[in-house]
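Participant: attaching a predicted model along with its sequence, questions to come.
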Amino acid sequence: MSMATTIAIVPLIFLALGLLVGFGAGRYLAPKAGATLLGLAVLIGLVLIVRLVMVGPGDEEDAFIPFIGLNAAVFPAIFAGIMGWLGGRALLRRAAA
């Protein structure tokens, strides 16, 4: 598999995983626990952002892995997790009504 294919497929995988985890958290966990899971994903994103900021001049190659991790894994997982969480909460309310 080439690097371009990997960079194209990894966001789709994490988008699907984030959606499933967010849906499960919204449907079966308390709101505080679901928000904690999303907060952990945001914390991972902040750690990667700090790693990107710490890259100095001449070390641009060291920024590749955090950049790809942030843009291909963490951001899609956070956005899909939020959508899945809201969808799971809506289904929980509908089932309770």
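Facilitator: Looks like it came in fine.
Participant: excluding covalently adjacent residues, which one is nearest to A77?
Facilitator: Excluding its sequence neighbours, the residue lying closest to A77 (Cβ to Cβ, 6 or more residues apart in numbering) is G18, at 3.6 Å. No exception for glycine: its C-beta is placed from N, CA and C like everyone else's.
Participant: and for that neighbour, the neighbour number?
Facilitator: Residues lying near G18 (other Cβ atoms under 10 Å) number 25.
Participant: quick one: contacts for it?
Facilitator: A41, P76, A77, I78, F79, A80, G81, G84 (Cβ atoms under 8 Å, 6 or more residues apart in numbering).
Participant: then G69?
Facilitator: Counting by Cβ under 8 Å, 6+ apart, G69 has contacts L48.
Participant: give me the element it is part of.
Facilitator: Assigned by DSSP states H and E, G69 belongs to helix 64-69.
Participant: pull the distance from that helix to the chain's centre.
Facilitator: 14 Å (Cα atoms, centre = their mean, to the nearest Å).
Participant: do stretch 15-32 as well
Facilitator: Between the centre of stretch 15-32 and the centre of its chain there are 11 Å (Cα atoms, centre = their mean).
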